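Q: Predicted structure and sequence below. I'll ask about it afterward.
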There are 2 protein chains.
Amino acid sequence: MNGLSFQITDNCGAARAGTLTINGTEVQTPVFMPVGTNATVKAMTPVQVADTGAKLILANTYHLAMRPGTETVAALGGVKRFNGWPHVMLTDSGGYQVFSLSKMNRITDEGVTFQWPVDGSTHFFSPKIAIDHQHRIGADLIMAFDECMPHDADLSYARTSVARTSRWAKECIDHHNASEYRERQFLGGIVQGGLVRELRLESARDLVGMDFPFYAIGGLSVGEGFERMREVLSYTVAELPAEKPRYLMGVGEPRDIIEAVSQGIDMFDCVMPTRNARNGEAFTFSGTIKIRNAKYASDGLPLEEGCDCYTCRTFSRAYLRHLDHAKEMLFHTLMTTHNLRFMQRFMNAIREAIRGNALVAFSKSFTSGFYKD
Amino acid sequence: MNGLSFQITDNCGAARAGTLTINGTEVQTPVFMPVGTNATVKAMTPVQVADTGAKLILANTYHLAMRPGTETVAALGGVKRFNGWPHVMLTDSGGYQVFSLSKMNRITDEGVTFQWPVDGSTHFFSPKIAIDHQHRIGADLIMAFDECMPHDADLSYARTSVARTSRWAKECIDHHNASEYRERQFLGGIVQGGLVRELRLESARDLVGMDFPFYAIGGLSVGEGFERMREVLSYTVAELPAEKPRYLMGVGEPRDIIEAVSQGIDMFDCVMPTRNARNGEAFTFSGTIKIRNAKYASDGLPLEEGCDCYTCRTFSRAYLRHLDHAKEMLFHTLMTTHNLRFMQRFMNAIREAIRGNALVAFSKSFTSGFYKD
């Protein structure tokens, strides 16, 4: 059962639909991965997450390394035994978090020294250490340790950074391939390079030369805007081998997902559907609903008519607004249930559109409904 | 299907086990009712509550009258359609809350004027109004509006108060019996009288004369202590008709439940199992577990070995402690799931002990395990 394979079944322009088989579990692509930072998708049991149709979820190595510690996760049988997730998981490498969440980090060619803001303790991540953490966590898909350079880095720094990310990627894959974990954990390389075409191409070529089983594009969706993201994808994706899965990290805005799929991306993750749910924003095919609005106070309709999620099958907008108003925790669970199911229905619709060779038409009709305001 | 019937199947001293059939739903007694104040058992979906084995849950009229308003609940099809609860429900009358939660209340023979602390708005509950609220909420079992007098009331005030509660009970049952709701909602009378034997007997006799379909004992578990509660029960229960269900309001401490069952009580409710769960205290037959304790940080055991709840079947103590440590909402859901299932297992064991004519032995063995410290 152990292994990673990717079968592309349909194409529509550069977009593709397929089946990613991860250690025996079939995942239909393009796929959206819910984020479970602390080895829990916030406010949801694993059964509730699985009921939305998700097969592949993400946890953050940085967070688990800080708390409860990856040795603890390993001693308890690995992350899927720890958190009760019945399908497959991916961990990031911690690269993004050591740069974005930590304070006073110091970067050398060996790795990154950083402080954990929660207690001020000092930690060090190197490529080898990040992989060791991920081995102990034990997710099915794991990621190389990369430098996420600042958005405003100058070209000279960016060159240095991309070269370092390539060296680190090599250290990661060599360390991983020399370990017993290679049989059941599959390591993705992360293309960096900011908004600089030359550096993106260099990064992609370096990584492709290392023969990773799948490739991610990092450093996007960090405020560069839709047009720049689109442009970077246009030249970066072309460098990645067609037969391997492609993962656009941190992207989750529906408009961005459609654009990236149309350029050949297969995998996505983002906290947006879950975070916005907790903030009272429900996604529907006819736009978002801010359920705190007083106009829903006695609205007997479900969040979205025709939605098959537990929330829409059982509860009215009025009940959800009541829960929020009364500060009841169930609000977060029911809203998250809906938004995660929405993402599954959205990805289903994208896959259908690819199969029907109708992605452009789907994009227009979806966008005019979802972004109607 | 509409109707209320009570069949006692087994006796053990004064204790009895039976089946309470409420609008077609069979509830085994003695029964513990989880509390869902705002029409939600905190942190739980209705499916999760039902999975613990609960058939009968409670909601608070006071809270629903303040938010979202009982007209809204009625317009949305009643509380069980509003909150998706698949079995049967009870509402209290708001009597306890108008006295305990509100500020600047003014009591007359007509009713109680009080301020809602959340927004300072002024409200008035009378017996008729409390019943109207409960008609609109639409629970299967409803309660008469009573005065919950202060624990330290003098005898003269207590006499006045008990007489008023009896008059209010008569107003409630007359109003209810004159309404169409009598066919599908069943009204319980509440015996008051503090710790005064004479007044408890008077209150019980007054109410029994009004022929309520079931009887509750109020004004206990408010700090009087185990021995006094036991004493009040000993003379009060004897006044209540043997063939009708008896409900001890607000009692949930396992020791108190066993004592009350042994005196002939059939129904209980309490926030303790759910509140303590959220505060990190898990109930087990061998005592309580404070899961925040560092000693559980890498403990791979379930909360309670042999427990069949979702939490114990799926998660370790270490995972639960991790969730609490990381301030994850799932912690509340998983802990509540366990404690509510514990209460069902506890009540099952009590019923088995009654059937086996072994309640005294069960009480000793349970108490020595649960209260071992």
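A: Looks like it arrived, so ask away. Numbers count the residues shown, from 1 in each chain, chains lettered A, B, ... in the order given.
Q: and the end-to-end length of stretch A:351-369?
A: One end of stretch A:351-369 to the other measures 18 Å (Cα to Cα, to the nearest Å).
Q: Just the buried positions in that stretch, please.
A: A:351, A:353-354, A:359, A:362-363, A:366 (16 or more other Cβ atoms under 10 Å in any protein chain shown). For glycine as for every other residue, the C-beta is placed from the backbone atoms N, C-alpha and C.
Q: Can you flag which of these belong to helices?
A: With DSSP state H as the criterion, helices contain A:351, A:353-354, A:359, A:362-363, A:366 from among the buried residues of stretch A:351-369.
Q: re the thing from before, okay, the buried residues of stretch A:351-369 in TSV with pLDDT and distance to chain B next?
A: Output for the buried residues of stretch A:351-369, formatted as TSV (pLDDT from 0 to 100; distance: Cβ to the nearest Cβ, whole Å):
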residue	pLDDT	distance to chain B
A:Arg351	98	29
A:Ala353	98	33
A:Ile354	98	34
A:Leu359	98	36
A:Phe362	98	33
A:Ser363	98	35
A:Phe366	98	30
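Q: Get me the contact residues on the stretch 51-200 of chain A for chain B.
A: Residues of the stretch 51-200 of chain A lying near chain B by Cβ under 8 Å from any Cβ of the partner chain: A:63, A:67-68, A:72, A:75-77, A:82-84.
Q: Show the buried residues in these.
A: Buried residues within these, defined by neighbour count using 16+ other Cβ under 10 Å: A:63, A:67-68, A:72, A:76, A:82-84.
Q: Return the distance of the nearest residue to A:Gly194 once chain neighbours are set aside relative to B:Met66.
A: Closest residue to A:Gly194 apart from its sequence neighbours, by Cβ to Cβ, 6 or more residues apart in numbering or on different chains: A:Ala158 at 5.4 Å. For A:Ala158, the distance to B:Met66 equals 58 Å [Cβ to Cβ, to the nearest Å].
Q: is it true that A:Leu330 touches B:Asn38?
A: No: using Cβ atoms under 8 Å, A:Leu330 is not in contact with B:Asn38; the gap is 9.2 Å.
Q: what sits in contact with each of those two?
A: Counting by Cβ atoms under 8 Å, 6 or more residues apart in numbering or on different chains, the common neighbours of A:Leu330 and B:Asn38 are A:Leu323.
Q: quick one: which of these two has more around it?
A: Taking other Cβ atoms under 10 Å in any protein chain shown, A:Leu330 and B:Asn38 do not tie; A:Leu330 has more neighbours (29 against 21).
Q: Chain B versus that one, what's the distance?
A: Separation of A:Leu330 from chain B (Cβ to the nearest Cβ, to the nearest Å): 5 Å.
Q: Could you tell me which residues of the stretch 201-350 of chain A lie near chain B?
A: When proximity is defined as Cβ under 8 Å from any Cβ, the stretch 201-350 of chain A approaches chain B at A:297-298, A:300, A:310, A:314-316, A:318-319, A:321-323, A:325-326, A:328-330, A:332-334.
Q: List buried residues within the residues you listed.
A: Here, 16+ other Cβ under 10 Å leaves A:298, A:310, A:314-316, A:318-319, A:321-323, A:325-326, A:328-330, A:332-334 buried among these.
Q: Got the confidence number for the residue nearest the centre of chain A?
A: Nearest residue to the geometric centre of chain A (Cα atoms, centre = their mean): A:Asp269, 2.0 Å. We have a pLDDT of 98 for A:Asp269.
Q: what about stretch A:98-105, how long is it end to end?
A: One end of stretch A:98-105 sits 7 Å from the other (Cα to Cα).
Q: residues in contact with the residue of the stretch 101-250 of chain A at minimum distance from chain B?
A: Residue of the stretch 101-250 of chain A nearest chain B, by Cβ to the nearest Cβ: A:Val118 (9.6 Å). Applying Cβ under 8 Å, 6+ apart, we find A:Val118 in contact with A:66-67.
Q: repeat that with 10 Å
A: By Cβ atoms under 10 Å, 6 or more residues apart in numbering or on different chains, A:Val118 lies in contact with A:63, A:66-67, A:101, B:325-326.
Q: repeat for A:Lys327
A: By Cβ under 10 Å, 6+ apart, the neighbours of A:Lys327 are B:38, B:42.
Q: Determine the three-state secondary structure at it.
A: Secondary structure for A:Lys327, judged by DSSP: H, G, I helix; E, B strand; the rest coil, is coil.
Q: what about it, distance to A:Gly280?
A: Counting by Cβ to Cβ, the gap from A:Lys327 to A:Gly280 is 12 Å.
Q: which residues does A:Glu224 contact?
A: Applying Cβ under 10 Å, 6+ apart to A:Glu224 gives the contacts A:151, A:194-195, A:230-232.
Q: Could you measure from it over to B:Val251?
A: Separation of A:Glu224 from B:Val251 (Cβ to Cβ) stands at 61 Å.
Q: One more: A:Asp211?
A: Distance of A:Asp211 to B:Val251, computed by Cβ to Cβ: 68 Å.
Q: try A:Ser179
A: For A:Ser179 relative to B:Val251 (Cβ to Cβ), the value is 58 Å.
Q: mind listing the strands for the stretch 101-250 of chain A?
A: Taking DSSP state E, counting those that start in this stretch to define them, one finds strands in the stretch 101-250 of chain A at A:103-107, A:112-115, A:122-125, A:141-143, A:186-191, A:214-217, A:246-248.
Q: before we move on, back to that, so for A:Ser179 and B:Val251, which residue has more residues nearby?
A: Between A:Ser179 and B:Val251, counted using other Cβ under 10 Å, B:Val251 has the larger neighbour count: 22 against 13.
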